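[1] Have a look; sequence and predicted model below, questions after that.
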Amino acid sequence: MNSQFDIFKILIGSSTDSDFENKSVIIQGITGSFGSTHTRLMKTYGTNIAAGVTPGKGGSKFEDIPVYNTMEDATKSTGAVISGIFVPAPFFYNAAKEAIDNGIKLLVAIPEHVPVIDSIKVYEYAKKQGARMIGPNTPGVIVPKIMKVGIMPAQPFTEGNTVVFSRSGTLMYEVSFHLSKSGYGQRLALGIGGDPINGTNLIDSFELIRDRDDVDSIVVVGEIGGDAEEQLADHIIKTNFSKPVIAYIAGRSAPKEKRMGHAGAIVYGNYGSAESKIAHYLKANVPVAKSPREIPILLKEQLKR
Amino acid sequence: MRLLEYQGKELFNQFGIKTPTSFLASNINDAKKGAQYLGYPFVLKSQLTVGGRGKAGAIQKCKDPSEFESKFNELLNKEVKGELPRGILLEKMVDISKELYLSIFLNRSKRCFSIIASSEGGIDIEQTEKKVIQDIFIDGISLELANDISHKLNISDDSKNSFVNLLLNLFKLVIEKEAELAEINPLAILSDGTLIALDAKVIIDDNSLFRHEELKIYLYMSELEKQASKNGFSFVELDGDIAIIGNGAGLVMSTLDMVSDANGKAGSFLDFGGKATSETIYKALEVISKLPKIKAILVNLFGGIVRTDLVAQGILDAYKNNIINVPVFARISGAQSEKAKQMLYGGKAKLFDTVEEAINAVVLNVNTN
C-alpha cells in the first residue's frame, strides 16, 4: 500500500497550482469508437483532455485534441500524469506499461476482459514505479462538477461530502443517483472494477480519504465474490476508521459457482458469499442496505449520530 | 472456465505431472473397450464441473465385469446439482502410501498467486488447520522455497525431489495456461515413492482465452449461452420464471436480489453491457424467448446515455415479430422516457418510474397468473 498517494492532488491539485481543477489527462485509444465517444463526454464535463494516443494516428487532431503515436510524445508535450486507458483488453498490458514508463502516476483502466496475469503484472510494475492503477474493468473516477476520467454518465452525480466506492459500474451510477436525490452529493466516486484483481482495492480506496476534512461519509458498493469486503471490514476495525460507512452488496440471491457477469463475481463454497460479507460488515458496525434506495436512509441515520 | 477432471489431467500430463492410467467414455460401447484396456478393478468417475462428486455417489469402484454395465449407466444418467456428466472417466487404481493436498490459486486480496499445501490429502482444505500457505511472485518459485514446503509437509527423502519438481511444474502450468486455480486433491505418494495426481481441478481465466487457441477445445456452452455470448451478453440460467435483463452486472444482480425479496423467482440473469439500443434489447429478448419457463420479463436499465424510446422500439419489434408474447415490466432510466411511455401505452409492455414499482407489478403478475 502506498499511503503517500494523494488522488485529489493528482486529479485536481491545490488552489495555488496554475492548473488547479484543470489537470491534464491523456486518453490512450482516443480514436477508437469507445475512446472517442467518451473523450467528447469527458471534455463536455470539464475534464482537460490535453492529448490522445493512437499508434499510427500521430499528428492528427480529434475534437481539437492533439493525437500522438506514443505516450512518450504525449507526456512530453503535456506533462500529464493522468491517463485514461480505452484500448481493447489484449492491448492493455502494453498500453499501461508504456504509460508508467513515461511518468504517468494515475492509470484509469477502463477495458473489461483483461487477463488477470496482465493485471497483476501492471499492478506490481505500477507499485514499483510509484504509480497507481484504478481498475481494470472500472467505469473510472469522477470528482463531481470538476472532472471525470471514465465512462460514467454525468447526471447521477452532484457535488458534496460523501464518497462512493463501487465494484460495479451501473450500481455506482444508481447509488449516486439515490444519494444525490436525497441531498448527499459526492466529493468523489470511484469504480474499483469488477475483476478479481483491482489496482486500487477497497482498502486502498479508504486510505485515499481517511484524513480528508471534505469527506464526511463513505458508501461502499460491493458484490459477491472474493473477500474484499471481509478484508475491508477487518481493516475498518483494526485501524479505527472513524467516518460513517454504509455498505451494499449485490448478488445475495445468486447461485454458487456461477459467474454473474463480472469476472470477479463468483462464489465458491462460503468464499465470496454475501452472508460472509454481511457478517463481517456488521462486526465492524457498518450497516448494510438491502437495496440502493435504502442507502441514503441508512446514511442519514449514521450522520445524525 | 472450469475444466473437467480429465481435461485438467491432460494439462497435468503436458507439464510432466503423472496421473493414473485412464480411459474416457461417453457411451457403454466405448466404456467396454476401456474396461478391457485397463483391466479390473478400476474407478468410475463422473466428469462434472460441480464439486461434491464423492458425496453425491458420482465416483464408484468397479470390481469386476458383473457390476460394470449397471454402474456405468447409473453414473452416466446421474445428475449432480442439476448437472449431467460429460463422460465417465475409467481410472486404474494405484497403490497409495500417503495422500497430500496441493494447490496454486489466484489470491485476490493479496493480488498474487499463493500455494496451499497440506500433509492431509482428500480433505476439504478449508476445514483443516494443518496447512502451509505461501504467497509467490509471478516470476517464479525458487528451489529453496519448494524445498522448504516439502520439508514442512514432512515429505520423505525418497519423494522430496519428485515433490519439488511437481510443484515447479504445477506453477509453470498456472502461468503458461493462465489458470486461476490448479488443485491436486489428493496428491498421492505411491509405495515406490513417486507422486501421482489422483484428481485435477483447474480453472482457466476466461479473459485469457484469446491467446490460448489450444484451450478453446475445452470451452463448453449450452446453445443459449453460445447465442448470448455471441452478442456479448453475460447470461446465466436460473430456476424461476421471471427473466431479468439489465445493463451492468451489478445492477442485474441487485435486481435479482430485490425480486427475491419481493417473493419473485428469477429465471435468468442477462447483462447486455453498456450499449442499450433497440437492437440489443431485441437480441436479449430473442435469447430469453428460448426459455419456455419464463412467464414475464423484467427490464432494468440505468444510465445517462440510454435512449428509452429506442429500447421501447426494440420491445415493440420483438412483440410484432412474435419473438415474445409474455408481458414486459420495465424501468428504464434515461432520455425520452415520456415518448417511450406513449409508445408502449396499451400494449403488453409497461414502463415504470422506479424499479420497485416494476418489481411489485411483475411479481404480482406472475404469482396470480
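    Yes, it's here. On a predicted model such as this, the values are computed, not experimentally measured, just so you know.
[2] Let me know the helix or strand that the residue of the stretch 151-300 of chain B found nearest chain A is in.
    Chain A sits closest to residue B:250 of the stretch 151-300 of chain B, with a gap of 2.2 Å, by CB to the nearest CB. Every C-beta, even on glycine, is put in place using the N, C-alpha and C of the backbone. Assessed by DSSP states H and E, residue B:250 sits inside helix B:249-261.
[3] Could you give the average pLDDT over that helix?
    What helix B:249-261 shows for mean pLDDT is 96.
[4] name the helices or strands packed onto it?
    Contacts defined by 3 or more CB pairs under 8 Å, 6 or more residues apart in numbering or on different chains; DSSP states H and E place helix B:249-261 against helix A:169-181, strand A:217-223, strand A:245-250, strand B:242-246, strand B:266-271, strand B:296-307, helix B:355-368.
[5] mind listing what's buried in that helix?
    By 16 or more other CB atoms under 10 Å in any protein chain shown, the buried positions in helix B:249-261 come out as B:249, B:250, B:251, B:252, B:253, B:254, B:255, B:256, B:257, B:258, B:259, B:260.
[6] what's the answer for stretch B:9-26, then?
    Neighbour counts over stretch B:9-26 (16+ other CB under 10 Å) mark B:9-12, B:15, B:17-20, B:22-25 as buried.
[7] Give me the pLDDT for residue A:5.
    88.
[8] nope, residue B:129 is what I meant
    82.
[9] tell me which element it is part of?
    Applying DSSP H and E, one finds residue B:129 in no helix or strand.
[10] Look up how far chain A lies from it.
    17 Å (CB to the nearest CB, to the nearest Å).
[11] residue ranges of the strands in the stretch 1-150 of chain B, please?
    For the stretch 1-150 of chain B, the strands defined by DSSP state E, counting those that start in this stretch occupy B:22-25, B:42-46, B:59-62, B:88-92, B:96-107, B:112-118, B:132-136.
[12] right, and those - which one's nearest residue A:191?
    Closest to residue A:191 of those is strand B:96-107 (CB to CB; 20.8 Å).
[13] That closest one packs against which elements?
    strand B:112-118, helix B:157-177, strand B:179-190.
[14] quick one, which of the ones you listed is packed in tightest?
    strand B:179-190 (a mean of 23; mean count of other CB atoms under 10 Å in any protein chain shown).
[15] for the record, mean pLDDT for that strand?
    On average, strand B:179-190 scores 96.
[16] ok, is that strand in contact with chain A or not?
    Yes - residues of strand B:179-190 contacting chain A under CB under 8 Å from any CB of the partner chain: residue B:180.
[17] Can you report how many residues neighbour residue 74?
    This is for chain A. A total of 28 residues lie near residue A:74 under the criterion other CB atoms under 10 Å in any protein chain shown.
[18] hm, I was asking about chain B
    Other residues near residue B:74 come to 15 when the count uses other CB under 10 Å.
[19] Could you find the closest non-adjacent residue to residue A:170?
    residue B:248 (2.8 Å; CB to CB, 6 or more residues apart in numbering or on different chains).
[20] show me what contacts that neighbour?
    A:168, A:169, A:170, A:171, A:261, B:271, B:273, B:274, B:302, B:303 (CB atoms under 8 Å, 6 or more residues apart in numbering or on different chains).
[21] wait, isn't the fifth one in contact with residue B:255?
    Read it as residue A:261. No - using CB atoms under 8 Å, residue A:261 makes no contact with residue B:255, being 11.6 Å away.
[22] Quick check: phi and psi on residue A:81?
    Main-chain dihedrals, residue A:81, degrees, to the nearest 10: phi -120, psi 10.
[23] gap between the nearest residue to it once chain neighbours are set aside and chain B?
    Nearest residue to residue A:81, sequence neighbours excluded (CB to CB, 6+ apart): residue A:105, at 4.2 Å. Distance of residue A:105 to chain B, given as CB to the nearest CB: 19 Å.
[24] Would you mind measuring from the residue in chain A sticking out farthest from the centre to residue A:52?
    Here chain A reaches farthest from its C-alpha mean at residue A:59, the gap being 30.9 Å by CA atoms, centre = their mean. Distance from residue A:59 to residue A:52, counting by CB to CB, to the nearest Å: 12 Å.
[25] Please apply the same query to residue B:185.
    50 Å.
[26] repeat for residue A:213
    Counting by CB to CB, the gap from residue A:213 to residue A:52 is 35 Å.
[27] domain parsing for the chain?
    No chain specified, so I'll use chain A. Domain assignment for chain A by automatic domain parsing gives A:3-134, A:155-304.
[28] ah, I was thinking of chain B
    Following automatic domain parsing, one gets these domains for chain B: B:21-92, B:96-214, B:223-368.
[29] Okay, now the unreliable bits of the stretch 251-369 of chain B?
    Applying pLDDT under 70 to the stretch 251-369 of chain B flags the ranges B:304-305.
[30] do the same with the stretch 1-150 of chain A
    In the stretch 1-150 of chain A (pLDDT under 70), the answer is A:1-3.
[31] what does it put close to chain B?
    Checking the stretch 1-150 of chain A against chain B by CB under 8 Å from any CB, the hits are A:89, A:90, A:113, A:114, A:115, A:116, A:117, A:120, A:121, A:123, A:124.
[32] Write a ChimeraX command that selects only the buried members of those.
    The ChimeraX command for the buried members of those (criterion: 16+ other CB under 10 Å) is given here:
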select /A:89,90,113,114,115,116,117,120,121,123
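[33] Let's have the residues of the stretch 1-150 of chain A next to chain B in a markdown table, adding distance to residue A:268.
    Converted to a markdown table, these look like this (distance: CB to CB, whole Å):
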| residue | distance to residue A:268 |
| --- | --- |
| A:89 | 24 |
| A:90 | 27 |
| A:113 | 21 |
| A:114 | 22 |
| A:115 | 20 |
| A:116 | 16 |
| A:117 | 20 |
| A:120 | 20 |
| A:121 | 25 |
| A:123 | 22 |
| A:124 | 25 |
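[34] In CSV: the strands of the stretch 1-150 of chain B, plus mean pLDDT.
    Putting those into CSV (pLDDT from 0 to 100) gives the following:
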stretch, mean pLDDT
strand B:22-25, 97
strand B:42-46, 97
strand B:59-62, 96
strand B:88-92, 97
strand B:96-107, 95
strand B:112-118, 96
strand B:132-136, 93
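[35] So which of those is nearest residue B:242?
    So among the strands of the stretch 1-150 of chain B, strand B:42-46 is nearest, using CB to CB, at 32.0 Å.
[36] Show me what that closest one is packed up against.
    Looks like strand B:42-46 contacts strand B:59-62, helix B:65-76, strand B:88-92 (3+ CB pairs under 8 Å, 6+ apart).
[37] Can you give the distance from it to the centre of its chain?
    Between the mean C-alpha location of strand B:42-46 and the chain-wide mean there is a distance of 22 Å, by CA atoms, centre = their mean, to the nearest Å.
[38] how about the residues of the stretch 151-300 of chain B that lie near chain A?
    B:175, B:178, B:180, B:205-208, B:210-211, B:234, B:236, B:238, B:246-254, B:256-261, B:266, B:269, B:271, B:274.
[39] in the stretch 201-305 of chain A, which spans are helices?
    A:202-209, A:228-238, A:274-283, A:294-304 (DSSP state H, counting those that start in this stretch).
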